[in-house]
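In: Got a sequence here, can you build the structure:
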Amino acid sequence: MRFEIGETIICSIEIKTAAGVLTDPATSIKITIEDPAGVKVVDDVAMTNDGVGLDHYDYTSAGTAQVGTYTIWYIAIDGARTTKQKDTFELEP
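Out: Numbers count the residues shown, from 1 in each chain. Here you go, the predicted model:
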């Protein structure tokens, strides 16, 4: 995915059971976003739940944001179990 600086990026995830059924984690779903230098620009923030197993977070980069590849970490916490999923997007001028 490629976006321009200042554009709103909708980061979304579907949480499913091993059988492929949408489900909510028992505790929470959070997001962390790192810039190309590995600096956290969003750190462990709760996502908005849009329905069972559907969550999103709207990220708008600052005008001074770095150009390059950003890493998104989706973190689902279900009791003592934590699951992470990685995604990326490109930010260009």
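In: From now on I want contacts and neighbour counts done on CA atoms only, so please keep to that.
Out: OK.
In: buried stuff in stretch 54-64?
Out: 54-57, 61 (16 or more other CA atoms under 10 Å).
In: any chance you could map the strands in this protein?
Out: 2-4, 8-14, 28-34, 40-46, 48-51, 54-60, 68-78, 81-92 (DSSP state E).
In: Paired strands for the shortest one, with orientation please.
Out: Translated: strand 2-4. Partner strands and pairing direction for strand 2-4 (DSSP bridges) are strand 81-92 (parallel).
In: what residues does the partner strand touch?
Out: Contacts with strand 81-92, where a contact means CA atoms under 8 Å, 6 or more residues apart in numbering, come from 1-5, 66-77.
In: can you check stretch 22-34 too?
Out: In contact with stretch 22-34 (CA under 8 Å, 6+ apart) are residues 14-17, 40-47, 52-55, 57, 70-79.
In: Could I get the average pLDDT for that stretch?
Out: When pLDDT is averaged along stretch 22-34, the result is 92.
In: and that stretch, which residues are buried?
Out: Per 16+ other CA under 10 Å, stretch 22-34 contains these buried residues: 24-25, 29-34.
In: any chance of these in CSV, with distance to residue 93 too?
Out: Formatted as CSV, the buried residues of stretch 22-34 follow (distance: CA to CA, whole Å):
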residue, distance to residue 93
24, 36
25, 37
29, 30
30, 28
31, 24
32, 22
33, 19
34, 18
